[in-house]
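**Q** using only what follows, build the 3D model:
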Amino acid sequence: MDDASKQVGYRLYGYATKVQAYSAVGFTAFDMIHGTNVGLGIFGAKVANGLMRKLRPLYQNAFSENVIVIGCVLVHLTAGLSKRLIKSYYGLKIDSKSPASFHSYAGVLLVPLIAIHFYLVRATPDFPVDFGLVAWGLQFRSLLTWTLHFSLGLMASYHILFGIPVVFQRAFPNTNTSFLKTTPTKVFASTAFLLIGLYGISRFDVMTKAAEYSTVYSNAFGTLNQ
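**A** You can find the predicted model right below:
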């Protein structure tokens, strides 16, 4: 392929990289807010659910969930796939070093985990939910719910924390990102914070809506809900 065509390829690759970075900023902001809310579950239902109700207009509404979460994830994935296709088609020589050894794999695993969680708490219930639904699952469908949310917390912590410095460097080139540098210890701490919050959530009293929560799990998971 001639040099002029390759220049087009490099330009397209650069655009896709920018789009990938900007889409990650939106989802990261949502995840940080929601993750903090989950972690505060250790202080009990009143604190966690009270904070959720106050923050819901900010980050748990049709715009934020459909555009910032679903939209940004789809754009992020599409941009990443486009970069691979552009690089291959134009024969570009680009050293696209991953932020971490399993960064891409963690990102791929995040997609079905987010989809399952979203389906459980948004698509299936026909009533507004708070942490009570997850609390019921942690108590009465322990293996399924703990596995899902531990995996979600671990993959999100790994993928996002290692990706943040690269994202901000690409989205905001003039910003000093040295303070965002991530280590495995930070990933462990983030995951532990979420697990401690989930433990607190698992202690919530859910008996007043036990029947409704049981129905939601049955509708969402069918025969897996045993």
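**Q** all helices of the chain, in order?
**A** Along the chain, the segments classed as helices by DSSP state H run 3-39, 45-59, 62-63, 72-90, 103-118, 131-140, 142-171, 184-202, 210-221.
**Q** other SSEs contacting the longest one?
**A** Just to be clear, that refers to helix 3-39. helix 45-59, helix 72-90, helix 142-171, helix 184-202 (3 or more C-beta pairs under 8 Å, 6 or more residues apart in numbering; DSSP states H and E). No exception for glycine: its C-beta is placed from N, CA and C like everyone else's.
**Q** report the buried residues of the longest one.
**A** What that stands for is helix 142-171. 144-146, 148-149, 151-168, 170-171 (16 or more other C-beta atoms under 10 Å).
**Q** do the shortest one as well
**A** Buried residues in helix 45-59, counted by 16+ other C-beta under 10 Å: 45, 48-49, 51-52, 59.
**Q** wait, which of the residues you listed is closest to P112?
**A** Comparing the buried residues of helix 45-59 against P112 with C-beta to C-beta places Y59 closest, at 22.2 Å.
**Q** chain center to stretch 13-23: distance?
**A** Averaging C-alpha positions (C-alpha atoms, centre = their mean, to the nearest Å) puts stretch 13-23 18 Å from its chain's average.
**Q** now stretch 162-181: how far from the chain's centre is it?
**A** Taking C-alpha atoms, centre = their mean, one finds the center of stretch 162-181 at 18 Å from the center of the full chain.
**Q** grab the CA positions of that stretch and hand them over as CSV.
**A** Taking C-alpha atoms only, stretch 162-181 is exported to CSV below (Å, rounded to 0.1, in the frame of the first residue of the first chain):
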residue,chain,number,x,y,z
PHE,A,162,-5.0,0.2,34.6
GLY,A,163,-6.7,1.9,31.7
ILE,A,164,-7.3,5.3,33.3
PRO,A,165,-3.8,6.8,32.8
VAL,A,166,-3.8,5.9,29.1
VAL,A,167,-7.4,7.1,28.6
PHE,A,168,-6.6,10.5,30.2
GLN,A,169,-3.3,10.8,28.4
ARG,A,170,-5.1,10.3,25.0
ALA,A,171,-8.3,12.3,25.8
PHE,A,172,-6.5,15.2,27.6
PRO,A,173,-2.9,15.2,26.3
ASN,A,174,-1.9,18.3,28.3
THR,A,175,-2.9,16.7,31.6
ASN,A,176,-0.4,15.3,34.1
THR,A,177,-1.5,11.7,34.6
SER,A,178,1.4,10.5,36.8
PHE,A,179,-0.9,10.4,39.9
LEU,A,180,-3.2,8.0,38.1
LYS,A,181,-0.5,5.3,37.8
